[in-house]
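Chemist: what follows is a protein structure lacking sequence information:
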């Protein structure tokens with residue numbers, strides 16, 4: 001079965017084709033498997049003076065005059081987005097952004113039988129439609145009331161600089177002191193930006209403005225006390241101030257006022273990833289080709305690819321350098337930063353101009369991608385078989401052929417892990433360094449590993465197997481745990497420094513964060529598990545709006561609103577909207593996903609990635 005080709009799509013120039021379903025594995029929330037799609041990455045994608053620390057309207061005037069290349073007409077062929085929907089059908093709605101990507105949608109099984117396996121009614125969620133029984137969708141189902149509320153709240157959160165939308169505030173909770181929640185955070189804006197790109201019609205202007213304003217802030221002098229940060233450091237956040245002398249000015253924070261005074265290592269990576277999403281959606285390659293944008297990417301990459309004393313390809317990081325922005329024992333080589341690093345390298349590889357002056361940098365990127373993928377896939381991966389190997393490790397192995405390369409003591413394996421690890425499934429551990437393996441589960445790093453194809457297809461499937469097998473622990477009543485399990489007792493004392501906000505099952509210490517829904521849903525779609533995504537969305541729709549869109553939830557299952565959680569947290573709102581847009585139109589996955597790089601050789605492991613040989 002083939003879907004009609006798009007007539008005038010400017011969403012993506014890639015081809016989406018059917019892939020065979022993964023091997024059957026037991027699923028708690030969704031007992032049957034669904035067929036998804038693969039993404040063919042477009043391999044053809046391809047100096048200003050330092051500004052003052054405060055950016056005014058005169059400073060940014062020159063950035064608004066760049067011409068925008070009109071995207072060429074392109075088509076996307078859909079052989080099968082979901083060839084078998086065994087539980088509930090989901091339609092792919094035509095939209096201005098997709099330019100009638102699919103004008104009709106037939107529900108055929110993998111053998112060509114129409115609707116033979118469809119069971120149950122379609123949930124009342126945005127974009128879903130009921131089938132009339134002959135394979136055509138005719139009767140629309142009402143959109144969930146949360147959707148309109150979320151779009152309205154997202155609109156109210158927009159920040160303007162000289163009448164141009166440049167971002168969204170972190171939270172709009174008037175019942176609490178603003179602190180820095182009234183600023184535009186780089187990492188927080190990502191789901192807001194994706195929601196704006198996926199909106200019908202799309203609002204890409206705010207994304208472009210955000211990219212250019214943060215680029216200007218990158219070139220400012222960045223000082224903490226008497227120390228000057230690297231030129232490539234992107235701000236953690238910025239705010240717009242109005243004075244008597246200048247209409248609007250931008251004031252940035254590079255970690256200068258953050259708790260712990262730690263610079264945000266992830267901001268630059270998110271900026272490159274968002275730039276790639278913008279270019280992919282709009283076809284505006286001229287933005288990525290601009291000299292200042294090219295220079296901004298290179299400054300970020302220079303920070304990461306500079307020579308040092310490391311014997312690992314992974315990046316050495318301080319605590320609090322990413323979404324977990326307080327002391328939580330992630331110092332060293334946290335999986336979140338390594339996955340974002342890999343993702344950003346692959347995005348930059350396609351956006352940097354293929355010119356002589358970039359040849360050395362591109363060679364470094366290619367070498368780092370290969371080395372980093374091998375390192376993470378080999379040494380960070382943990383499944384039942386590898387856990388048993390570590391349990392039997394010998395220490396003090398002085399040899400190139402040592403199995404225990406990091407000299408990890410088997411006694412360091414925590415007791416909870418033996419019950420947590422299912423027979424089928426696995427994940428990337430939180431951190432690996434000499435004599436240390438942080439066995440905790442971290443959601444963001446594992447989902448980004450799936451979306452960037454840092455995880456092999458087998459590893460991606462195993463990660464989702466583990467989430468389904470441990471649904472109650474990782475998802476519970478509110479998706480989803482940022483980390484698992486929670487630190488307590490003496491571990492909490494030592495690791496967090498008696499942090500009163502990161503108490504057990506709260507905030508970063510095992511709290512549940514609704515914003516992570518968009519990452520979970522994206523990973524579900526890429527691994528062909530739409531019903532699992534729907535189950536998570538339905539959990540959110542039971543409470544999130546009623547509770548006032550809080551930042552996070554507390555408790556083992558996420559039952560309680562976080563003790564210090566802000567209400568009307570913008571990325572909780574935007575994360576829900578992105579998840580809904582993903583499940584309505586799986587083609588939106590193309591904005592945040594890269595297909596597997598065929599030039600990267602898979603590591604030769606001495607174990608099964610997901611124990612697939614088990615019955």
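Modeler: That came through, no problem. Keep in mind the model is a prediction, meaning the values are calculated, not measured.

Chemist: which ones are touching residue 293?
Modeler: Under the criterion of C-beta atoms under 8 Å, 6 or more residues apart in numbering, the contact list for residue 293 reads 211, 215, 275, 287. All C-beta atoms are positioned from the backbone trio N, CA, C, and that covers glycine.

Chemist: and the last one, its phi and psi?
Modeler: Listed backbone geometry of residue 287 is phi -70, psi -50, with angles given as degrees, to the nearest 10.

Chemist: measure it to residue 550 for me?
Modeler: Look at residue 287 and residue 550: by C-beta to C-beta, to the nearest Å, they are 35 Å apart.

Chemist: do the same with the second one
Modeler: Distance, residue 215 to residue 550, by C-beta to C-beta: 32 Å.

Chemist: and the pLDDT at residue 128?
Modeler: pLDDT for residue 128: 42.

Chemist: try residue 15
Modeler: 40.

Chemist: for residue 28, same thing?
Modeler: Taking residue 28 on its own, its pLDDT is 47.

Chemist: for the one 5 residues further on, same thing?
Modeler: With respect to pLDDT, residue 33 scores 43.

Chemist: pLDDT below threshold where in this protein?
Modeler: Residue ranges of the chain with pLDDT under 70: 1-142, 245-246, 602-615.

Chemist: try 80
Modeler: Applying pLDDT under 80 to the chain flags the ranges 1-142, 243-246, 601-615.

Chemist: what about residue 287 and residue 550, which has more around it?
Modeler: residue 550 (24 against 19; other C-beta atoms under 10 Å).

Chemist: now the phi/psi pair for that one, please.
Modeler: Residue torsions, per degrees, to the nearest 10, at residue 550 are phi -70, psi 160.

Chemist: check contacts around it.
Modeler: 514, 544, 561-562, 565-567, 569, 572 are the contacts of residue 550 under C-beta under 8 Å, 6+ apart.

Chemist: show me which of the residues you listed are buried.
Modeler: 514, 544, 561-562, 565-567, 569, 572 (16 or more other C-beta atoms under 10 Å).

Chemist: among the residues you listed, name the ones in strands.
Modeler: Assigned to strands by DSSP state E, the following of those qualify: residue 561.

Chemist: dump the buried ones among the contacts of residue 550 to JSON lines, plus distance to residue 348.
Modeler: Below are those laid out as JSON lines (distance: C-beta to C-beta, whole Å):
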{"residue": "514", "distance to residue 348": "30"}
{"residue": "544", "distance to residue 348": "35"}
{"residue": "561", "distance to residue 348": "39"}
{"residue": "562", "distance to residue 348": "35"}
{"residue": "565", "distance to residue 348": "35"}
{"residue": "566", "distance to residue 348": "33"}
{"residue": "567", "distance to residue 348": "37"}
{"residue": "569", "distance to residue 348": "30"}
{"residue": "572", "distance to residue 348": "29"}
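
Chemist: sorry, back to before: looking at the contacts of residue 550, point me to the pair that's furthest apart.
Modeler: Maximum pairwise distance in the contacts of residue 550, criterion C-beta to C-beta, is 13.5 Å, between 544 and 566.

Chemist: how long is stretch 389-402 from one end to the other?
Modeler: One end of stretch 389-402 sits 13 Å from the other (C-alpha to C-alpha, to the nearest Å).

Chemist: now that stretch: buried residues?
Modeler: Within stretch 389-402, the residues that qualify as buried are 389-390, 393, counting by 16+ other C-beta under 10 Å.

Chemist: how close does residue 461 get to residue 523?
Modeler: For residue 461, the distance to residue 523 - C-beta to C-beta - is 10 Å.

Chemist: more neighbours: which of the two?
Modeler: residue 523 (27 against 24).

Chemist: other SSEs contacting whichever helix or strand the more buried one is part of?
Modeler: Counting by DSSP states H and E, the element that carries residue 523 is helix 517-526. Contacts defined by 3 or more C-beta pairs under 8 Å, 6 or more residues apart in numbering; DSSP states H and E place helix 517-526 against helix 443-451, helix 457-469, helix 530-543, helix 570-584.

Chemist: pretty sure residue 534 is in contact with residue 582, am I right?
Modeler: No - under the criterion of C-beta atoms under 8 Å, residue 534 makes no contact with residue 582, lying 10.8 Å away.

Chemist: higher neighbour count, those two?
Modeler: residue 582 (27 against 23).

Chemist: who's in contact with the more buried one?
Modeler: For residue 582, the contact set (C-beta under 8 Å, 6+ apart) comprises 198, 518, 521-522, 525, 533, 588-589.

Chemist: same thing but at 7 Å, please
Modeler: The contact partners of residue 582, by C-beta atoms under 7 Å, 6 or more residues apart in numbering, come to 521-522, 525, 588-589.
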